[in-house]
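> I'd like to go over a predicted model; first the sequence, then the structure.
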Amino acid sequence: MRISRTWTAAGQLRRWTAAGPVRRGATAGALVVALFGVAACTGTAPGGPTAAGSAPASTGAAPTATPSPPTASPTPTGGPPAAAAQVPDVLRFTGTTLTGAAFDAAQLAGKPVVLWFWAPWCATCASQAWTVAEIAPKYRDTVPIVGVAGLGEQRAMKEFVTEFELAGTTQVDDRKGALWKRFKVTEQSIFVIIDRTGAVVHQGFLDGEALSARVAALAGA
């Protein structure tokens, strides 16, 4: 039975003391006083619950053992902590983003990943940028899309990101071409798609429609 927060022992006592008849003779008054004394010893107000921490009044009957209900086995609320995903060789690289933040591809292990190799002066890259800007936020947690900017100056790269609203997508500054060489990218725009096991399942050109379809399929796999 739930007990309201506004119910207090003091309130209970006030209601109880206001209920009994008090206009009696001396004998009746003595009897009431005696009853008050009995109630005070038991710690229980007539008709109310037993006061917290008080033992119930003895009835004089022999105690009857009540069998305890069987204890249910605890239900596990979760299995053992998931092991960290093994980092495949293809994701063992680091870099610096165009905003100056450190980037470690190992953090993407266990997920499908799309690497987009682009250059700031590339017209084809510009046409694909709108699709990337549209779908990348939607799949950020399931199929991360990471831009790898190269073959240009940093200022031009940053202007490209601003113009095509790509600030919400990680863009690695690869002016020296280290990642382009690592993935043997010799032209732009190129998409490298890596599945959750670390296997490269696509490397080449994709238009906006094809890119959207591939990413959606990876997210549902």
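Received, thanks. Residues are numbered from 1 along each chain as shown.
> quick one: the helices in this structure?
Ranges of helices in the chain, per DSSP state H, are 9-19, 26-42, 123-135, 154-163, 178-182, 208-220.
> Which positions within stretch 97-116 qualify as buried?
Residues of stretch 97-116 classed as buried: 97-98, 103, 105, 108-116 (neighbour count, 16 or more other Cβ atoms under 10 Å). C-beta here means a position set from N, CA and C on the backbone, and glycine is covered the same way.
> average pLDDT for it?
Average pLDDT, stretch 97-116: 97.
> With stretch 132-139 instead?
The model assigns stretch 132-139 a mean pLDDT of 95.
> Need the distance between the two termini of that stretch.
10 Å (Cα to Cα, to the nearest Å).
> So in the chain, where's the weakest helix or strand by average pLDDT?
Every helix and strand of the chain was ranked by mean pLDDT, DSSP states H and E. The lowest is helix 26-42, at a mean of 36.
> Low-confidence stretches in the protein?
Where the chain drops to pLDDT under 70, the residues are 1-84, 221.
> before we move on, back to that, among the buried residues of stretch 97-116, which two are most distant?
Spatial extent of these (Cβ to Cβ) is set by the pair 98 and 110 at 25.5 Å.
> any idea how far residue 117 is from residue 90?
Using Cβ to Cβ, to the nearest Å, we find residue 90 at a distance of 14 Å from residue 117.
> Who has more neighbours out of the two?
residue 117 (25 against 17; other Cβ atoms under 10 Å).
> Now for the more buried one: which residues touch it?
Counting by Cβ atoms under 8 Å, 6 or more residues apart in numbering, residue 117 touches 148, 150, 179, 180, 183, 185, 188, 189, 190, 191, 192.
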